[in-house]
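Student: Requesting a structural model of the entry that follows:
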Amino acid sequence: MDSHQWKLVRRPVGLPDAEDFSYEVVQLAPLEDGEVRVANEFLSVDPYMRGRMNDMKSYIPPFELGKTMLGGAVGRVIESRDPGLAAGDLVEHMYGWRDIAQGKAAHFTKRAEIPGLPASVYLGALGVPALTAWIGLFIVADMREGDAVFVSGAAGAVGTAVGQLAKLHGASRVIGSAGSQAKIDLITSKYGYDVAFNYKDGKVSRQLAAAAPDGIDVYFDNVGGDHLEAAIYAMNTGGRAAICGSISSYNAESMPPGPRNLWMLTTKSLTLKGFTIPSLLGYTDAFVAEVAPLVASGDFAWDETIVEGIDNALEAFYGLMRGENTGKMLVRIGPPSDLR
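Tutor: Residues are numbered from 1 along each chain as shown. All right, here's what the predicted structure looks like:
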């Protein structure tokens, strides 16, 4: 069987372009004992993938040149030579940017079918984005009842989860920033945000001051840059920030300047704490215990932006970098031609 795959062939400088990638057809070898073959249904494109395109030390290894790019995906077993998985089983894995994945059965995690929900829920509302929101808000930023919470990138997969979780845990005010009026309307009507502003409409610090006249206690940072600086200005004494991502600078060709007001960390007794999920997976069970029933009952909202076809995976990634997604950005993959 053939597998259509995206490979990184050149390290991008600034915004990646088409010449950095290669779309190839790979003929799969016969299965060996202990292996499975999976037809992917959805694959995830995420901001952290831009960092993996650079050859530098980080919390996760960089993509290897000439190798298929890795990342989250869900699909169904179509052939198995391992007793733990059978044809038809729904599985999640990290083999990423391909329509057919093949490897050791131990690399694939069986997932339960949830009536009425697509398999993609394991990449969003019950996956890493919502887990990131839960850990960042409650473990890293130590959000407490009555806190005022500000979230940048509020309409993304992580941000939409943060808004709801903050409200469910008694936040006094939840403020978000996003990049369009449509996104502002959505997150204030559906995702727990009391007020939100379009960061393109003016200086972020001024808009945040107007949205949070009494200041903020917690900042969940998905953007960095001017949003982080604005949050430091707005933080009340003892404020805490969970530094999750800095998408505003991921494609910068030179290092952007940092916040100019770091001296306020001292005068306000602020805490800014970065985190990555691989080091905090011990909290997964607590997250699932709280959020899974909410998702199953429909009390936890979530959106997906879906791009059709493995051949359009790169366009999905570009769209993510341009902020075109609401909620989780996904690529939906139809059944391979052999199975149609």
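Student: Start and end of stretch 132-146, how far apart?
Tutor: End-to-end span of stretch 132-146 (C-alpha to C-alpha, to the nearest Å): 21 Å.
Student: Please give the centre-to-centre distance between that stretch and its chain.
Tutor: In terms of C-alpha atoms, centre = their mean, to the nearest Å, the centre of stretch 132-146 is found 17 Å from the chain centre.
Student: need the next SSE after the least confident helix or strand in the chain by mean pLDDT, C-terminal direction.
Tutor: In the chain, the helix or strand scored least confidently by mean pLDDT, DSSP states H and E is helix 48-52, which has a mean of 90. Using DSSP states H and E, the helix or strand that follows helix 48-52 in sequence is strand 73-80.
Student: tell me the mean pLDDT over that next one?
Tutor: What strand 73-80 shows for mean pLDDT is 97.
Student: and if you look at stretch 133-144?
Tutor: Here the average pLDDT along stretch 133-144 is 97.
Student: Buried residues, that stretch. List them.
Tutor: Within stretch 133-144, the residues that qualify as buried by neighbour count (16 or more other C-beta atoms under 10 Å) are 133-141, 143. For the C-beta atoms, the positions are set from N, CA and C on the backbone; glycine is no exception.
Student: Pull that stretch out as PDB, backbone CA atoms only.
Tutor: C-alpha atoms of stretch 133-144 as PDB (Å, rounded to 0.1, in the frame of the first residue of the first chain):
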ATOM      1  CA  ALA A 133      -5.400  24.800  28.900                       C
ATOM      2  CA  TRP A 134      -6.200  22.900  32.100                       C
ATOM      3  CA  ILE A 135      -2.600  22.400  33.200                       C
ATOM      4  CA  GLY A 136      -1.600  26.000  32.400                       C
ATOM      5  CA  LEU A 137      -4.500  27.600  34.100                       C
ATOM      6  CA  PHE A 138      -4.700  25.500  37.300                       C
ATOM      7  CA  ILE A 139      -1.300  24.000  37.800                       C
ATOM      8  CA  VAL A 140       1.100  26.600  36.300                       C
ATOM      9  CA  ALA A 141      -0.900  29.800  36.900                       C
ATOM     10  CA  ASP A 142      -2.700  28.600  40.100                       C
ATOM     11  CA  MET A 143      -6.000  30.200  39.100                       C
ATOM     12  CA  ARG A 144      -8.300  30.800  42.100                       C
END
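Student: roughly how far apart are the closest residue to residue 106 other than its chain neighbours and residue 80?
Tutor: Leaving aside its sequence neighbours, residue 106 sits nearest to residue 34 (C-beta to C-beta, 6 or more residues apart in numbering; 7.8 Å). Taking C-beta to C-beta, to the nearest Å as the measure, residue 34 falls 10 Å from residue 80.
Student: Let me see the contact set for residue 211.
Tutor: The contact partners of residue 211, by C-beta atoms under 8 Å, 6 or more residues apart in numbering, come to 175, 195-197.
Student: With pLDDT, distance to residue 125 and secondary structure as added columns, please give those residues in JSON lines.
Tutor: Listed next are the contacts of residue 211 as JSON lines, based on pLDDT from 0 to 100; distance: C-beta to C-beta, whole Å; DSSP: H, G, I helix; E, B strand; the rest coil:
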{"residue": "175", "pLDDT": "98", "distance to residue 125": "22", "secondary structure": "strand"}
{"residue": "195", "pLDDT": "98", "distance to residue 125": "24", "secondary structure": "strand"}
{"residue": "196", "pLDDT": "98", "distance to residue 125": "20", "secondary structure": "strand"}
{"residue": "197", "pLDDT": "98", "distance to residue 125": "25", "secondary structure": "strand"}
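Student: With distance to residue 62 and neighbour count as extra columns, can I get the residues you listed in JSON lines?
Tutor: Shown next, in JSON lines, are those (distance: C-beta to C-beta, whole Å; neighbours: other C-beta atoms under 10 Å):
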{"residue": "175", "distance to residue 62": "35", "neighbour count": "26"}
{"residue": "195", "distance to residue 62": "39", "neighbour count": "14"}
{"residue": "196", "distance to residue 62": "35", "neighbour count": "26"}
{"residue": "197", "distance to residue 62": "35", "neighbour count": "19"}
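Student: Relative to residue 272, which of those is nearest.
Tutor: Ranked by distance to residue 272 (C-beta to C-beta), those are led by residue 175 at 17.8 Å.
Student: Contacts only, for the closest one.
Tutor: Under the criterion of C-beta under 8 Å, 6+ apart, the neighbours of residue 175 are 148-151, 193-197, 208, 211-212, 216.
Student: Same check on residue 66?
Tutor: Each residue near residue 66 by C-beta under 8 Å, 6+ apart is listed here: 7-9.
Student: Check residue 35 too.
Tutor: Going by C-beta under 8 Å, 6+ apart, residue 35 touches 80-82, 102-105.
Student: so what are the domain limits for the chain?
Tutor: According to automatic domain parsing, the chain is divided into the following domains: 2-124+302-339, 129-279.
Student: and the gap between the residue most central in space within the chain and residue 161?
Tutor: Residue closest to the average C-alpha location in the chain (C-alpha atoms, centre = their mean): residue 129, at 4.4 Å. Distance, residue 129 to residue 161, using C-beta to C-beta: 6 Å.
Student: Same question for residue 173.
Tutor: In terms of C-beta to C-beta, residue 173 sits 18 Å off from residue 161.
Student: The two: who's more crowded?
Tutor: Taking neighbours as other C-beta atoms under 10 Å, residue 173 and residue 161 compare with residue 161 leading, 30 against 21.
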